[in-house]
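*Asks:* Need a 3D model of the sequence below.
(chains A, B, C and D)
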Number of protein chains: 2
Amino acid sequence: MPTSALFKRLTAVAPLSVAAQQHLTQILLRQTLPKGAVLLAVGDVSNRVFFLEQGLARAFYKKGRKELTAWIVAEDDFMYSVYSYINQRPSHETIELLEDSVLLSATRAELDEFYAQFPEANGFRSALTEQYLLRHDERLRALRMLTTTERHDRFAQDFPDIYRRAPLQHIATYLGMNNATLSRIRARKT
Amino acid sequence: MPTSALFKRLTAVAPLSVAAQQHLTQILLRQTLPKGAVLLAVGDVSNRVFFLEQGLARAFYKKGRKELTAWIVAEDDFMYSVYSYINQRPSHETIELLEDSVLLSATRAELDEFYAQFPEANGFRSALTEQYLLRHDERLRALRMLTTTERHDRFAQDFPDIYRRAPLQHIATYLGMNNATLSRIRARKT
DNA sequence: TGCACTTTTTGACATTTATCAATTGCAGGT
DNA sequence: ACCTGCAATTGATAAATGTCAAAAAGTGCA
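*Replies:* A predicted model of the protein is given here:
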């Protein structure tokens, strides 16, 4: 089954009936897009949640002329603009691909209908949101109680794959530091 | 009705049937506790979500001998340890009252049963988690793209009430800065 | 009212990190 | 293999913030 990675991820969170899985399969759009493709632009209202079957993506926003990376995600994970998707308001973030990628996605309208039709999936919806909340919570704590070096080390340890594949500058702003600073931390480790 | 503030808050997020509201009313525990009372201690597994009818509370964790405030909440808002409640694992945080307070609360087990019995409430559960996610998201952005002064100004503007009532030292660590730094920012504003 | 304790303010100084700029390194396309 | 351009590294310097300590202000209680 083509969407197996997604369902594996979903059912690990909460069980989904076969009927619900079939419905989802019909909804889902699969796309293969090249590095650099923009999934969501500033000003758009986010109406899709993406699941990366393959590839790498990041979300970022601008501060003056600088790009601050808000999130980086690799295969078997979800990507969406929290603010824009939940509020259905124009996004402050851009989402773009850092590698050629294979994506599954569904619109918010489709998912709302899905949840309405399969109430048992609501437990899953909550669970998924809760997982996101946990990540945000964890990151908030790290940002305030760890030094730059500690944040670097933890990231390298927790996400070795992304650490290797994503450009240094994006990781730096993701971790809340200057890219020169991150480069120096790396140099110190040799 | 004594719990009206809570229901006002809940139904603003998503509608709740009368039966569901009645069930909730039966579940809820109301407590009046003095300033300094500890709602959750480090090592405990959080099993209660609190709603402040009146008062002020904060969650904090320790870094060495320092206390870092993770969250501050006033009346008509919820307080719980995200990590401990969702994972049902021992808390890293302490939750304490900064003022004499009136609280409503329910255990996780009670709420799980409530959601099982009233599936319509699941939409509300998701919506509430999503609101928390939004706040975390917003705060994460502020922490990385705003200067200390900007964070101070925004907090004072967005939460004037908490800004006045909570001790400076707690606000400082909440905003990710030293209390001396916050004091100087304040002094500059006169 | 006054004492004891805590919190806030303020100053001097140290440290960390950002900024800016130059150089080196690397990857893609032809 | 060789340009071309973007990314990473490195150095010099500046700016912001933390640290430590002392003084001042505030708070609660006897």
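
*Asks:* so how far is A:Val102 from the spatially most central residue of chain A?
*Replies:* Chain A has A:Met79 as the residue nearest its centroid, 3.0 Å off, counting by C-alpha atoms, centre = their mean. A:Met79 sits 13 Å away from A:Val102 when distances are taken as C-beta to C-beta, to the nearest Å. Using the backbone N, CA and C atoms, a C-beta is placed for each residue, glycine as well.

*Asks:* okay, and the common contacts of these two?
*Replies:* Residues touching both A:Met79 and A:Val102 by C-beta atoms under 8 Å, 6 or more residues apart in numbering or on different chains: A:Leu52.

*Asks:* what sits up against the lengthiest helix in chain A?
*Replies:* Here the longest helix in chain A is taken by residue count, with DSSP state H as the criterion, and it is helix A:121-145. Residues external to helix A:121-145 that are found in contact with it (C-beta under 8 Å, 6+ apart): A:10, A:13-16, A:20, A:78, A:82, A:114-115, A:150-151, A:154, A:176, B:61, B:63, B:68, B:70, B:82-83, B:86-87, B:115, B:119, B:122-123, B:125-126, B:129-130, B:132-133, B:136-137, B:139-140, B:143-144, B:173, B:176.

*Asks:* for stretch A:56-65, same thing?
*Replies:* Counting by C-beta under 8 Å, 6+ apart, residues outside stretch A:56-65 touching it are A:39-40, A:42, A:50, A:67-75, A:79, A:81, A:92-99, A:101, A:162, A:165-166, A:170, A:173-174, B:141, B:145.

*Asks:* And stretch A:5-18, by the same measure?
*Replies:* Stretch A:5-18 has contacts (C-beta under 8 Å, 6+ apart) with A:1, A:21, A:24, A:28, A:51, A:53, A:75-77, A:104, A:118, A:120-121, A:123-124, A:127-128, A:131.

*Asks:* which among those residues end up buried?
*Replies:* Among the contacts of stretch A:5-18, those scoring as buried are A:21, A:24, A:28, A:51, A:53, A:75, A:104, A:118, A:121, A:123-124, A:127-128 (criterion: 16 or more other C-beta atoms under 10 Å in any protein chain shown).

*Asks:* Run the chain-centre distance for the lowest-mean-pLDDT helix or strand in chain A.
*Replies:* For chain A, scoring each helix and strand by mean pLDDT, DSSP states H and E identifies helix A:4-13 as the least confident one, at a mean of 86. Centre-to-centre, helix A:4-13 and its host chain are 16 Å apart (C-alpha atoms, centre = their mean, to the nearest Å).

*Asks:* What residues sit buried inside it?
*Replies:* Within helix A:4-13, the residues that qualify as buried are A:5-6, A:10, counting by 16+ other C-beta under 10 Å.

*Asks:* Helix A:121-145 and that helix, what's the angle between them?
*Replies:* Interaxial angle, helix A:4-13 versus helix A:121-145 (axes from the mean of the first three to the mean of the last three C-alpha atoms, to 10 degrees): 90 degrees.

*Asks:* tell me the mean pLDDT for the next helix-or-strand element following helix A:4-13?
*Replies:* Toward the C-terminus, helix A:4-13 is succeeded by helix A:18-27 as the next helix or strand (DSSP states H and E). Averaged across helix A:18-27, the pLDDT comes to 93.

*Asks:* okay, the angle between helix A:18-27 and helix A:4-13?
*Replies:* 140 degrees.

*Asks:* got the buried residues for helix A:18-27?
*Replies:* Within helix A:18-27, the residues that count as buried by 16+ other C-beta under 10 Å are A:20-21, A:23-24.

*Asks:* thinking again about what came up before, now the longest helix of chain A: buried residues?
*Replies:* Within helix A:121-145, the residues that qualify as buried by neighbour count (16+ other C-beta under 10 Å) are A:121-130, A:132-134, A:136-137, A:139-145.

*Asks:* Stretch A:153-170 now?
*Replies:* A:155-156, A:159, A:162, A:166, A:169-170.

*Asks:* Mind listing residues that contact that stretch?
*Replies:* When contacts are defined by C-beta under 8 Å, 6+ apart, stretch A:153-170 is touched by residues A:56, A:58, A:60, A:69, A:72-74, A:98-99, A:142, A:146, A:171, A:174-175, A:179, A:182-183, A:186.

*Asks:* Okay, strands next: where are they in chain A?
*Replies:* For chain A, the strands identified by DSSP state E occupy A:29-33, A:38-40, A:48-54, A:56-63, A:66-74, A:77-79, A:94-97, A:101-107, in order along the chain.

*Asks:* so where is chain A shaky, pLDDT-wise?
*Replies:* Using pLDDT under 70 as the threshold, the predicted model of chain A has low-confidence ranges A:1-3, A:190.

*Asks:* residues from it in reach of DNA strand D?
*Replies:* Applying C-beta under 7 Å from any atom of the strand, one finds that chain A approaches DNA strand D through A:167-169, A:179-180, A:182-184, A:186-187.

*Asks:* Give me the subset of those lying in helices.
*Replies:* A:168-169, A:179-180, A:182-184, A:186-187.

*Asks:* which of those sit farthest apart?
*Replies:* A:Gln169 and A:Ala187 (15.5 Å; C-beta to C-beta).

*Asks:* residues from chain A in reach of DNA strand C?
*Replies:* With C-beta under 7 Å from any atom of the strand as the criterion, chain A meets DNA strand C at residues A:147-149, A:176-178, A:180-181.
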